[in-house]
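>>> My questions are about this predicted structure, shown below with the sequence.
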Amino acid sequence: MTGQQHERRPYTALFEREQEVAAAERAVEALCGGADGNGPATGGLLLFSGEAGVGKTALLGEARRLAAERDGCTALSARGSEQTRSLPFHVVRQLLQPALAPMAEQERRRMLGDWYGIAGPALGIAPPSGPQADPQGVRDGIDWLVMQLAMARGRLLLVVDDAHWVDAASLSWLTSFALRLADLPILLVVAYRPEELPDHSPAFRDLVGSRGNRPVTLHPLTPGAVAEMVRTAMGRDADDPFCREVWAVTGGNPYEAVELVAKARDRSLAPLEESAALLRELGAAARGSGLVARLERLGNATTRFAWGASVLGTEIAVRVAAMLAGMSPAEGAVCADRLREARILTGAADLEFVHPLIATAIYQAVPSAARTAMHGLAAWAVTNAGQGAAAASRHLLEVHPEGDADLVRQLRDAAREHLAVGAPEAAQRCLERALAEPPPEEERAAVLYELGCSALLTSPPTTINHLRSALSLTGLPKELRVDATYRLSQAYAHNSQLSEAAKVVAEHAVRTPDGPGRMRLQAAHYLWKGIQLEEEGAHERYREVAELTEHLAGRDNAERALLALRAFDAMIHAEDAIEVTELADRALVDGRLAGGMGWTNTEWGFELPSIIGITYAYTDRLDRAEELFTEAVREFEVSGWRGGHLAFAHEFLGLVHRRRGDLERAEGFLREGLRLADRLGPGVPIQWDGTCLLIDTLLARGRLDEAQAVAEKYSFGPPYPPAMVMPDAACVVGRLLLALGRTKEAVAELEAAGHRLEERGRHNTLWAPWALDLAAAVAPEEPGRARELAERAVRYAHRFGTETAIGEALRRAAPLAEPEEGLSRLERAVRHLAGSPCRHEYALALVDRGQALERAGRGAEGVESLREGLRIAGECGAEGLADRARETLALVGAAGA
């Protein structure tokens, strides 16, 4: 019998719970469309909080009963367990498998769609599709399933009891899903003990502690309520002293009061004052040491059977509990009957403890050696039943370390299974336990390697510690040493430690024989060096990469990686764009990413495809850039990589559309990228690129207030992250300050940016237009300096050679020249930008030229240019530019023409 099937005794009615029941009634009524059922379905979160035995489970049962009385409302429920909280997604499976079990596999596949292979393994309905699932992708897949169930069934009630014991993976999903409930026909009702909330889920603590989710707190019963309970169970002649003593012994705890009354009935005590003195002894037998003593009086065999049951925890099979206790199934059945009679166990095919308090007290009373032995036997039983190493791991974790190589193997197998379903924390627990066994010395480095890799997506500092330890040992196999070094460098990079990332691969590359492995480490060294904002030795590294790649044709992935780095380097340094794109093309195979260098390939990481896409975006190869980043979104979604990787892909698709001039679409991708990044928590590196690009896009649209709001929300400004941002963050800060009229601050920011970029030879005027913005800022007071800055930018733009770079530099330099020369530059800017894929810059040039023509007395030509600029600005979504064009046209009497 499961937690969903308990029947209340007649005398366990919900005494003194009118307000709590009313809260459940209101929530269920709102879910079901109001009293008449015709209104909109309103979901939400309802929390019940209180100490053990205070009646939370009874209230959840009442919520299920209320839902069952309403048409079109389905209730699903699950319960956390002290013994299963180390099993990832245990509660999710308990909650959702009853809805999935009656379906044919084809129906389950149809309902989950593309999420089947991502969330199916966590749900226990599909085999893993890869070595490591992204936890965020798995959570998103479970979200999708629950929403599909709600749509199919009308309204959905999800009930979770004992949330303080829910496994970390399930609790993480519950916490994130709870934030989405307001707009869904789903009511989530959760009960928990506030003093026992787990440390592994601070987000759940925040959820239940937030002002908008105040729990309904259950308190002990008053003497009057306990007296009514006693009289309901033992007759109306129960006198006041007896009832008062029941309350005093139990403290008004409903569970303890019910158990005490049941024991008084079993003893045939008269509910009168003369019997009251016996109640304290009976009450002690319901909990703690008194319960253990009562159990021992049932005999040694029954006690051992109860120990075995407490080790199993939930869904207790008589046969398995008997095996743990060292008896036959027939003897176990007799013991189970005794424990049912004693109100310790309940159920038939599967046993269950009457209350978690009983299970906890008995488990804690099991002698340590016996408990360890029983967990070992339980692990064997689970494995022998074909349930796999992951299912056995909760028992393996409790076995005393004895240097057992087979146990280490089982724990490593369990870790791989946990990773495959998206539960890296559970995998880490298994591998940490394997280290404590300890493993054979020749395997220790490999276990450390696996432990480090298991945390790469979730905890870079943990990965760093374990991989450093693995690399310090001689036992790490040669084929893993290069990979461990590369992954260590990735972890450093993801932890914003780019200098350490570059250093560690450089050190190990020296000790690695010539070949693909060494080239892989060299590429990683140049990558982590080259993307540092304040790179030391930048010119030396730049020359090394140029010399190393001069004769590379891209014959293997190591060569392609170096070519990708060289192309990015050349783009940032504003070398000839034709040569830049030729380098980028050589990093591909027939215009596509090579096998083994895809977006989800773990050998090279997603950084190398990224810099190829960014290089194309700034060299006017926007179609190629869009193909790459669209492929990234598709691969990340198919693989279930729904965290930082997918956020990154959306943000750089936003970059492509920003460059193209489709500003509305760019803003959509960037906001979605930031939404995905925000789920990872504050201050993650990917938020910098998204914030920078979104502010740049909003400024281009003329939405200054929104740009400022985004900057304030994300604390956009110095100090900057150690990695370069696209576009350069300091340049965008300077542009924002200029737009806000804070010219002095803007000048300081842009001068600092220019100094940092110039001394490293980074001259790309599209990625980092500091000189052009600074020229505009200082022009009123230092016109000579402004012209010098602009001329410098124009020279670098011509060296780079794209139509966009040249046209934009000429347009920005035009206002600083004499009127005739300025108009000439605008004419040339328009010609260049007419051949550019960047439509917003073209619209800017047309409007600027139109205004210059008006000032030059060439009104007809000016109007034509303004009208065309207005049309393209509208297509781009550049409202501010469109308004400027309209205002100018209005001044010359051509508004609305």
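The structure has been received and is ready for your questions.
>>> rest of the way, CA atoms for contacts and neighbours
Will do.
>>> quick one: contacts for the residue lying closest to L345 once chain neighbours are set aside?
Distances taken as Cα to Cα, 6 or more residues apart in numbering place F353 nearest to L345, at 4.4 Å, with adjacent residues excluded. Contact analysis of F353 by Cα atoms under 8 Å, 6 or more residues apart in numbering lists T314, I344, L345, T346, A359.
>>> Could I get the full set of strands for this structure?
Per DSSP state E, the chain carries strands over the ranges 44-49, 73-79, 155-161, 186-192, 216-217, 316-317, 345-346, 350-353.
>>> who touches the spatially most central residue of the chain in this structure?
With distances taken as Cα atoms, centre = their mean, the chain has Q136 as the residue nearest its mean C-alpha position (4.1 Å). Contact analysis of Q136 by Cα under 8 Å, 6+ apart lists G640, W641, R642, G643.
>>> nearest to R481, of the residues you listed?
Checking the contacts of Q136 against R481 by Cα to Cα gives W641 as the nearest, at 25.9 Å.
>>> Could you tell me the phi and psi values at the closest one?
Dihedral pair for W641: phi -90, psi 90, per degrees, to the nearest 10.
>>> State the pLDDT value of it.
For W641, the model assigns a pLDDT of 91.
>>> Use 688 as the first number for this chain going forward.
That works, and once the first residue is 688, the last one we named lands at W1328.
>>> Relative to A1271, how far out is the nearest residue to A1455 once chain neighbours are set aside?
What sits nearest to A1455 in space, not counting adjacent residues and going by Cα to Cα, 6+ apart, is D1415, at 5.3 Å. According to Cα to Cα, to the nearest Å, D1415 and A1271 sit 21 Å apart.
>>> Name the nearest of the contacts of Q823 relative to A1178.
If you rank the contacts of Q823 by distance to A1178 using Cα to Cα, G1330 comes first, at 15.8 Å.
>>> and that closest one, what is it in contact with?
Contacts for G1330 were tallied using Cα under 8 Å, 6+ apart; they are D821, Q823, G824, L1363, A1364, R1366, L1367.
>>> The third one: how many residues sit nearby?
When counting by other Cα atoms under 10 Å, one arrives at 23 neighbours for G824.
>>> got the CA positions of the lowest-mean-pLDDT helix or strand in the chain in CSV?
Least confident helix or strand, the chain: helix 975-983 with a mean of 83, by mean pLDDT, DSSP states H and E. Output of helix 975-983 as CSV, limited to C-alpha atoms (Å, rounded to 0.1, in the frame of the first residue of the first chain):
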residue,chain,number,x,y,z
GLY,A,975,11.8,6.9,20.2
SER,A,976,13.3,4.5,22.7
GLY,A,977,9.8,3.5,23.9
LEU,A,978,8.9,2.4,20.4
VAL,A,979,12.1,0.4,20.1
ALA,A,980,11.4,-1.3,23.5
ARG,A,981,7.9,-2.2,22.3
LEU,A,982,9.3,-3.6,19.1
GLU,A,983,11.8,-5.7,21.0
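>>> packing partners for that helix?
helix 987-999, helix 1043-1052 (3 or more Cα pairs under 8 Å, 6 or more residues apart in numbering; DSSP states H and E).
>>> Next, format those helices as TSV and append distance to F1323.
Shown next, in TSV, are these (distance: least, Cα to Cα, whole Å):
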stretch	distance to F1323
helix 987-999	39
helix 1043-1052	42
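>>> From the contacts of G1330, which land in helices?
Using DSSP state H, the members of these that fall within helices are Q823, G824, L1363, A1364.
>>> Make TSV from those residues and add pLDDT to it.
Output for the ones in helices among the contacts of G1330, formatted as TSV (pLDDT from 0 to 100):
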residue	pLDDT
Q823	92
G824	93
L1363	94
A1364	94
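>>> Nearest to D926 among the residues you listed?
Nearest member of those to D926, counting by Cα to Cα, is Q823, at 58.9 Å.
>>> ok, the closest one to L1144 distance?
10 Å.
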